[in-house]
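S.K.: Give me coordinates for this.
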Amino acid sequence: MTTAALHDATSAARVTCHRCLSRYRVRAVEQLTRASRSTCATCGARFAVVEPLSSASPEDLPSRHHRPSVVPDASPTSDATASMSPPLRAAFHGMGGTLLGMHVVNLCLTLITLGGYHFWAKAKIRRYLFSHTSFAGDRFAYHGTGKELYQGFLKAMLVFGIPYCALSAAHTLLDLPPWIDLLSQALAGLVFFLYVPVAIVNARRYRCTRTSWRGIRFSFRGRTADFLKLYVRGWFVTILTLGTYYPYFHTQRQAFLHSHTYFGDQRFQFTGHGSGVMVPFAVTLFATYAVLGLCGFALAMQLTNAGLTLLLIPFVLGPLWIWLLGQKQRYFWNHTSFGEARFSSAITWQRLFTLYLGNLILLLATLGWAWPWVTVRNARFFIGTLSLQGCVDLDRIMQDTTDASVTGEGLSNLLDTGFDMDA
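M.R.: From the prediction side, this is the model:
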């Protein structure tokens, strides 16, 4: 809401709207009360009287004691107050050198324990990254433990790992009839296909419950069965439409994950639609087919310098897919809100391309030892481009704890699918 100023006059008070500067005369000043509200007829700004008037007559208005204050109305539907509120920004404060020391110690302990320390190392790194991530000046905290990750991995092995390995081994080790061999391969593929959505949902549920900010924890309340239906249907239609449905499926997946995430008792909202990323996806997909088709044609026809056409893949398709990633990231965050406030992303494809190119050079030049600095670079970039613009009363958010199984986190560790970015 815009502010409105009440000015004294000899015969009546006047109100000036600070949005459009329209002036209005208050004829019955004596009738103003704390609950009085009005709306600017020109621009629609709302304002309200917050100090009750005494029984003084209008002639007494010049007295400071009897002057009412007119301030913006606290209506949640207004976006003028939101525009006056400074954006809440995120930042990452970690250092690559510190992370390298932790990485070296974790690597040594993991080798000594034949891989057993991996889960405690992962929890330690995650705790460091979260504790050095701040939003609006307050830092996050991660409460997961290596023991929980280890237990989750064991449960995941029982639920998915052993069935998948058994079906895969039957095809390799046993001399089975063709139809049984084909059936075992199909079942192994089905187990792996179902594993992915279950891992995504339950890993997110676990990480949310183990993450807090300002002493209040996050939670994820989406049902695994609902996401599984969305996942199966989305891939079925995507394959049926030769990939053109994927932007809608991907947006629906993001909508499910974002809109079922809570901070305390307050829910995140997502208003994106697949059409918002359809054009970038179509451009990238068409260019990919064209480049791959050109490369295949040149190689098949054994044209002169046909091998040079393969350079189109990293130098043309690489930047193009990075451009698509930046478009999706910005669109998804710009359509995510929390209460009356909305997130905003400042990601550009140029900055994203520079980030990835620098990361690639660092990793190649150091044979992978620059991983800690790459992690810090990624965290500073993706976290630093986020902000929350609008009115949000953080003090009114109440803790609403929900417990979560660690099986999903074990699922995400089972084949190291990199679902950490979903946290």
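
S.K.: Ala90 - that's part of a strand, no?
M.R.: Yes. Counting by DSSP: H, G, I helix; E, B strand; the rest coil, Ala90 falls inside a strand.

S.K.: Would you mind confirming that it is in contact with Phe382?
M.R.: No. Between Ala90 and Phe382 there is no contact, the gap being 9.1 Å when judged by C-beta atoms under 8 Å. The C-beta positions use only the backbone N, C-alpha and C, and glycine is treated the same way.

S.K.: I'd like to know how many residues surround the closest residue to Arg89 other than its chain neighbours.
M.R.: Among residues not flanking Arg89 along the chain, Ser387 sits closest, at 4.7 Å (C-beta to C-beta, 6 or more residues apart in numbering). Applying other C-beta atoms under 10 Å, we find 19 other residues in the vicinity of Ser387.

S.K.: What lies in contact with the helix or strand that contains Ser387?
M.R.: If you go by DSSP states H and E, Ser387 is part of strand 386-389. Contact with strand 386-389 is made by 82, 85, 87-90, 135-136, 333, 338, 341-346, as judged by C-beta atoms under 8 Å, 6 or more residues apart in numbering.

S.K.: which one of these is nearest Ile180?
M.R.: Of all these, Ile180 sits closest to Trp333, with 48.7 Å by C-beta to C-beta.

S.K.: Chain neighbours aside, what residue packs nearest to that closest one?
M.R.: Closest to Trp333 by C-beta to C-beta, 6+ apart is Ser345, at 3.8 Å.

S.K.: Tell me what that neighbour is bridged to.
M.R.: Leu386 (DSSP bridges).

S.K.: Wait, it touches Lys328, no?
M.R.: No. Taking C-beta under 8 Å as the definition, Ser345 is not a contact partner of Lys328, at 10.3 Å.

S.K.: overlap in contacts of those two?
M.R.: Contacts common to Ser345 and Lys328, judged by C-beta under 8 Å, 6+ apart, are absent.

S.K.: Just give me the residue right at the centre of the protein.
M.R.: Taking C-alpha atoms, centre = their mean, the centroid of the chain lies closest to Trp333, which sits 6.2 Å from it.

S.K.: That residue sits in which helix or strand?
M.R.: Per DSSP H and E: helix 318-334 holds Trp333.

S.K.: Distance from that helix to the middle of the chain?
M.R.: Its chain's C-alpha centre and that of helix 318-334 lie 13 Å apart, by C-alpha atoms, centre = their mean, to the nearest Å.

S.K.: where does the nearest residue to Lys328 once chain neighbours are set aside land in three-state SS?
M.R.: Spatial nearest neighbour of Lys328, excluding adjacent residues (C-beta to C-beta, 6+ apart): Val277 at 5.4 Å. Per three-state DSSP, the local secondary structure of Val277 is helix.

S.K.: residues in contact with Val277?
M.R.: So, once contact is read as C-beta under 8 Å, 6+ apart, Val277 ends up touching 247, 250-251, 327-328, 331.

S.K.: one more time with 7 Å, if that's ok
M.R.: 247, 251, 327-328, 331 (C-beta atoms under 7 Å, 6 or more residues apart in numbering).

S.K.: And Phe220, by the same measure?
M.R.: Applying C-beta under 7 Å, 6+ apart, the residues near Phe220 are 204-205, 208, 260-261.

S.K.: at 8 Å instead, please
M.R.: 201, 204-205, 208-209, 257, 260-262, 404.

S.K.: so what's the backbone phi/psi at it?
M.R.: Backbone dihedrals for Phe220, given as degrees, to the nearest 10, come out at phi -130, psi 130.

S.K.: Could you give the bridge partners of it?
M.R.: Here Phe220 sits in beta bridges with Thr261, going by DSSP bridges.

S.K.: Kindly provide the distance from the residue nearest to Trp333 to Leu257.
M.R.: According to C-beta to C-beta, to the nearest Å, Ser345 and Leu257 sit 16 Å apart.

S.K.: I'd guessed the residue nearest to the centre of the chain sits against Ala346; true?
M.R.: No. Trp333 is beyond contact range of Ala346, at 9.5 Å (criterion: C-beta under 8 Å).

S.K.: what's the distance between Phe381 and Ser344?
M.R.: For Phe381, the distance to Ser344 (C-beta to C-beta) stands at 15 Å.

S.K.: Likewise for Ala370?
M.R.: Ala370 is 31 Å from Ser344, by C-beta to C-beta.

S.K.: Give me the more crowded residue out of the two.
M.R.: Ala370 (20 against 17).

S.K.: Burial check on the nearest residue to that one once chain neighbours are set aside, number of neighbours?
M.R.: The spatially closest residue to Ala370, leaving aside those adjacent along the chain, is Leu362, at 3.9 Å (C-beta to C-beta, 6+ apart). Using other C-beta under 10 Å, Leu362 has 17 other residues around it.

S.K.: shift numbering so it begins at 10
M.R.: With the count now opening at 10, the last piece we talked about shows up as Leu371.

S.K.: In contact with Leu371, which residues are there?
M.R.: With C-beta under 8 Å, 6+ apart, Leu371 has these contacts: 379, 382-383.

S.K.: Next, format these as CSV and append distance to Phe169 and pLDDT.
M.R.: Below are the contacts of Leu371 laid out as CSV (distance: C-beta to C-beta, whole Å; pLDDT from 0 to 100):
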residue, distance to Phe169, pLDDT
Ala379, 34, 94
Trp382, 35, 96
Val383, 30, 96
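
S.K.: Among these, pick out the one closest to Tyr173, please.
M.R.: If you rank the contacts of Leu371 by distance to Tyr173 using C-beta to C-beta, Val383 comes first, at 31.1 Å.

S.K.: Please tell me how far that closest one sits from Gly377.
M.R.: Taking C-beta to C-beta, one finds Val383 at 9 Å from Gly377.

S.K.: Show me which of the two is the more surrounded one.
M.R.: Each of Val383 and Gly377 has its neighbours counted (other C-beta under 10 Å); Val383 has more, 20 against 10.

S.K.: At which residues are the strands of the stretch 210-359 of the chain located?
M.R.: 220-222, 225-229, 270-272, 275-279, 345-347, 350-354 (DSSP state E, counting those that start in this stretch).

S.K.: Can you list the buried residues in the fifth one?
M.R.: Judged by neighbour count using 16 or more other C-beta atoms under 10 Å, the buried positions of strand 345-347 are 345-347.

S.K.: That one pairs with which strands?
M.R.: strand 275-279 (antiparallel), strand 350-354 (antiparallel).

S.K.: got it, and the first one?
M.R.: Its sheet considered, strand 220-222 pairs with strand 147-151 (antiparallel), strand 225-229 (antiparallel) by DSSP bridges.
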